[in-house]
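Engineer: Here is a sequence together with a model predicted from it:
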Amino acid sequence: MAGRVDSPAPVGVGVTSLHENLRSRSNFHTGKTRSWEATSGIGWHEPTPLDLFPAAARSLSVVVPAHNVGYCLPAVLDALEGQHCRHRFEVIVIDDASTDATAAIAVRHPIVTTVLRLPERVGGAIARNLGTALACGETVLYLDADMVLPPHAITDITARATDTTVLVGFRHNLPYYLHQGGRGVLAEHPQLGADHRVVWRPPVGRPLLYSGITLTECFDGRPLDHTRDFVDLGYGRRYVDWDLPRMVVTCLVAVPRAAVLDIGGFDPEFGRIGWGMEDTYLGACLIASGLLVIPLRQVVGFHLDPPDAEQQWQRKLATWPGTLARYWDLMRRPAPTGRTHSFIAEVSELLHTCEVLRPH
């Protein structure tokens with residue numbers, strides 16, 4: 001089974017669901033990465049020296065949805081302030097009705113340019129939509145409020161971003177007892193192989209969360225390598241439990257703002273139902289609109305687990321069936337497009353209910 005990439009079954013003519021749209025979309029990004037390497041003189045997956053940073057790089061907005069992350073937010077914002085980047089970038093924090101010191105931490109930090117506070121909790125999908133609407137950058141970097149970036153990450157992303165690419169970073173989870181609120185984390189080096197999209201050990205004899213298939217023997221999964229940096233996930237192909245939309249994880253991903261607006265942003269219903277799948281659906285919509293999904297192996301951040309990580313995980317899993325059902329329902333519908341004006345109108349109404357703690 002090692003290295004297996006499955007092709008979807010043939011489809012009929014004239015069917016236009018989002019799921020079937022993906023079957024016509026290549027993810028052959030090798031031409032783009034090789035062209036960039038030829039121009040820059042460094043590898044696509046190498047950290048970018050400041051003297052190679054392009055003068056006409058795309059502007060960047062970092063959107064951070066935050067709910068009760070006072071335990072780790074200082075370390076996350078300090079890492080953003082410590083980025084080795086020549087160009088200014090904005091940092092927008094959307095406080096999702098936190099009951100701890102999250103909002104106060106964001107307001108006090110010098111790297112943060114905008115802080116909004118929602119009156120009641122709505123979930124990460126809507127919080128990211130608010131941040132996207134406020135963003136001035138051509139590229140939006142969605143960053144979870146528990147992700148600590150290495151100092152070269154912003155330069156790596158900004159130097160490579162285009163209006164036709166989704167740039168995917170990776171995460172290395174750290175248990176709370178190791179990082180204790182982020183103290184000392186920046187002296188360490190996050191490992192690429194800690195991300196499940198890179199090294200994957202699925203359970204045996206139990207249905208997998210996404211596809212529902214059950215493996216009967218141990219499987220040494222290497223999704224990133226075995227799909228040649230996701231190239232082989234084009235045309236709707238699947239690597240066991242992984243497909244191309246699942247590789248788009250909003251803990252650390254950079255996207256063209258205009259493309260997100262055109263598809264109508266994140267589907268807000270996911271946040272109302274529970275946890276997960278809003279980023280997978282966003283990825284599916286962006287792929288259907290013609291964007292390529294390209295990994296950046298050097299952009300790996302520490303994900304700082306909360307003190308009650310196991311309890312939070314169990315609560316999230318309890319809502320998974322509902323969010324998964326919502327995802328597949330949306331995948332049976334046509335791919336969204338031309339929604340910029342309606343998206344801005346809907347988000348503008350919600351903005352009026354928010355408390356502006358640091359104006360944009």
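Structural biologist: Thanks, I have the structure now.

Engineer: could you give me the average pLDDT of stretch 112-131?
Structural biologist: Across stretch 112-131, pLDDT averages out at 96.

Engineer: Can you tell me the SS state at Arg197?
Structural biologist: The three-state label given to Arg197 by DSSP: H, G, I helix; E, B strand; the rest coil is coil.

Engineer: my guess is it contacts Arg222, does it?
Structural biologist: No. Here Arg197 does not reach Arg222: they are 9.7 Å apart, not a contact under Cβ atoms under 8 Å. Any C-beta I mention is one placed from the backbone N, CA and C, and that applies to glycine too.

Engineer: Those two: which is more packed in?
Structural biologist: Arg197 (21 against 16; other Cβ atoms under 10 Å).

Engineer: Roughly how far does that one sit from Arg246?
Structural biologist: Counting by Cβ to Cβ, to the nearest Å, the gap from Arg197 to Arg246 is 8 Å.

Engineer: What is the neighbour count of Gly43?
Structural biologist: The number of residues packed near Gly43 is 13, by other Cβ under 10 Å.

Engineer: Sorry, slip of the keys, the one I care about is Arg315.
Structural biologist: Using other Cβ under 10 Å as the criterion, the residues surrounding Arg315 number 12.

Engineer: Contacts only, for it.
Structural biologist: Trp275 (Cβ atoms under 8 Å, 6 or more residues apart in numbering).

Engineer: measure it to Gly276 for me?
Structural biologist: Taken as Cβ to Cβ, the span from Arg315 to Gly276 is 12 Å.

Engineer: Same question for Val240.
Structural biologist: On the measure of Cβ to Cβ, Val240 and Gly276 end up 18 Å apart.

Engineer: same check, this time on Thr250
Structural biologist: With the distance defined as Cβ to Cβ, Thr250 ends up 11 Å from Gly276.

Engineer: how much space between Ile278 and Phe343?
Structural biologist: Let me fix one detail, which is that residue 278 is Glu and not Ile. From Glu278 over to Phe343 the distance is 15 Å, taken as Cβ to Cβ.

Engineer: So which of the two has more stuff around it?
Structural biologist: Glu278 (26 against 20).

Engineer: list the contacts for the more buried one?
Structural biologist: Counted by Cβ under 8 Å, 6+ apart, Glu278 has contacts 123-125, 250, 266-267, 270-271, 323.

Engineer: make it 6 Å
Structural biologist: Neighbour list for Glu278: 125, 266, 270 [criterion: Cβ atoms under 6 Å, 6 or more residues apart in numbering].

Engineer: Which pLDDT value goes with it?
Structural biologist: 96.

Engineer: So what's the gap between stretch 74-92 and the chain middle?
Structural biologist: 17 Å (Cα atoms, centre = their mean, to the nearest Å).

Engineer: Average the pLDDT values over it and round to the nearest integer.
Structural biologist: Averaged across stretch 74-92, the pLDDT comes to 93.

Engineer: List the contacts of it.
Structural biologist: By Cβ under 6 Å, 6+ apart, stretch 74-92 touches 50, 53, 60-63, 105, 109, 111-114, 131, 134, 145, 148-149, 151-152, 154-155, 182.

Engineer: just the strands in the stretch 51-200 of the chain please.
Structural biologist: Counting by DSSP state E, counting those that start in this stretch, the stretch 51-200 of the chain has these strands, from start to end: 60-66, 90-95, 114-117, 139-143, 147-148, 165-174.

Engineer: Which of the ones you listed sits closest to Trp36?
Structural biologist: With Cβ to Cβ as the measure, strand 165-174 is the member of those nearest Trp36 (10.1 Å).

Engineer: Would you mind pulling the contact partners of the closest one?
Structural biologist: 157, 190-192, 194-195, 247-248, 251-255, 286, 291-296, 299-305.

Engineer: Tell me which of those fall in strands.
Structural biologist: Among those, the members falling in strands (DSSP state E) are 252-255, 292-296, 299-304.

Engineer: For the stretch 151-300 of the chain, which segments are assigned as helices?
Structural biologist: 153-160, 176-179, 223-226, 257-262, 269-273, 278-288 (DSSP state H, counting those that start in this stretch).

Engineer: rank the ones you listed by pLDDT, which is bottom?
Structural biologist: helix 176-179 - the lowest mean pLDDT of the helices of the stretch 151-300 of the chain, at a mean of 85.

Engineer: tell me which residues in that one are buried?
Structural biologist: Within helix 176-179, the residues that qualify as buried are His179, counting by 16 or more other Cβ atoms under 10 Å.
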